[in-house]
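>>> Structure here, sequence nowhere to be found:
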């Protein structure tokens, strides 16, 4: 049985003092579902409505807050999303009003991908920050034969060497064109004869040079859990280098 008190605020006993967040989530049997939702996104607090969260069919937020989904609540009774909440605000603002972010575009883009906000993803991909960094980069790497496979091999060799240490060295050969490939052929044969593992990238037909490929490698290595990929400051044609990879953990 529930007691409704009007005209005054009764103070509960100390051990029963509910927080504002808990009060917001008290359900009265037979009452309609409250449209207001309090969110805890990785420690960042937000307030919105179910209508906003369910606005885009197919998004992860619609899935999370569907009637059949099992709610995950924090200690204060707020809906909890186990994700860094720093850039959730721009996601929520887009869901509310369609407003596009003007700052931290790459970070918001990653969050839009996580929450599967497809219209926002498409709009952000047309922005210079994302088009140059993501779309053009992907187009370049598609012209580097075996890039993903070679990067995976590079990381696998590094992990095998770093069983008892946090650092490992991997020998990498970068050849931009057929001439560079020919220049490195003898060195590669010698290393193979000594049973030394070498990861070879190239040749490729894209206009970008070795430094551009190194930048892409550096970004992807960090994404796979390595804090540092040490690269030479001087880049030469047909370059052979020993890379140092440092694990974050």
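Great, that's in hand. Everything numeric here is computed off the predicted structure, so don't read it as measured data.

>>> From now on I want contacts and neighbour counts done on CA atoms only, so please keep to that.
Fine.

>>> domains for this structure, by residue range?
14-137, 147-247 (automatic domain parsing).

>>> by contact count, what packs against the helix or strand hosting residue 186?
Taking DSSP states H and E as the criterion, residue 186 maps to helix 178-193. Identification of packing neighbours for helix 178-193 by 3 or more C-alpha pairs under 8 Å, 6 or more residues apart in numbering; DSSP states H and E yields strand 198-201.

>>> Beyond the helix or strand of the chain with the lowest mean pLDDT, next helix or strand please.
Across the helices and strands of the chain, the lowest-confidence element by mean pLDDT, DSSP states H and E is helix 20-24, at a mean of 37. Next in sequence after helix 20-24, counting helices and strands by DSSP H and E, comes strand 36-41.

>>> any weak-confidence spans in the protein?
Residue ranges of the chain with pLDDT under 70: 1-34, 161-168, 225, 227-249.

>>> how about the strands of it, start to end?
36-41, 44-49, 79-81, 167-174, 198-201, 226-230, 239-247 (DSSP state E).

>>> how far away is residue 50 from residue 204?
50 Å (C-alpha to C-alpha, to the nearest Å).

>>> what residue is smack in the middle of the protein?
residue 110 (5.2 Å; C-alpha atoms, centre = their mean).

>>> Tell me how many other residues surround the residue lying closest to residue 95 once chain neighbours are set aside.
Leaving aside its sequence neighbours, residue 95 sits nearest to residue 52 (C-alpha to C-alpha, 6 or more residues apart in numbering; 6.0 Å). Residue 52 has 19 neighbours, counted by other C-alpha atoms under 10 Å.

>>> Spit out the contact partners of residue 52.
Applying C-alpha atoms under 8 Å, 6 or more residues apart in numbering to residue 52 gives the contacts 92, 95-96.

>>> if we go to 10 Å?
Going by C-alpha atoms under 10 Å, 6 or more residues apart in numbering, residue 52 touches 35-37, 61-62, 92-97.

>>> Can I get the buried part of those as one ChimeraX selection?
Buried residues within the contacts of residue 52, by 16 or more other C-alpha atoms under 10 Å, are selected in ChimeraX with:
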select :37,61,62,92,94,95
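
>>> Can I get the contacts of residue 52 in a markdown table including distance to residue 222?
Output for the contacts of residue 52, formatted as a markdown table (distance: C-alpha to C-alpha, whole Å):
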| residue | distance to residue 222 |
| --- | --- |
| 35 | 41 |
| 36 | 39 |
| 37 | 36 |
| 61 | 28 |
| 62 | 31 |
| 92 | 28 |
| 93 | 30 |
| 94 | 29 |
| 95 | 31 |
| 96 | 34 |
| 97 | 35 |
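
>>> just the contacts of residue 52 now: which is nearest residue 150?
residue 61 (35.8 Å; C-alpha to C-alpha).

>>> what's the neighbour count on the closest residue to that closest one other than its chain neighbours?
Counting by C-alpha to C-alpha, 6+ apart, the nearest residue to residue 61 once its immediate chain neighbours are dropped is residue 53, at 5.7 Å. Residues lying near residue 53 (other C-alpha under 10 Å) number 21.

>>> before we move on, what about residue 143?
15.

>>> how far away is it from residue 205?
6 Å.
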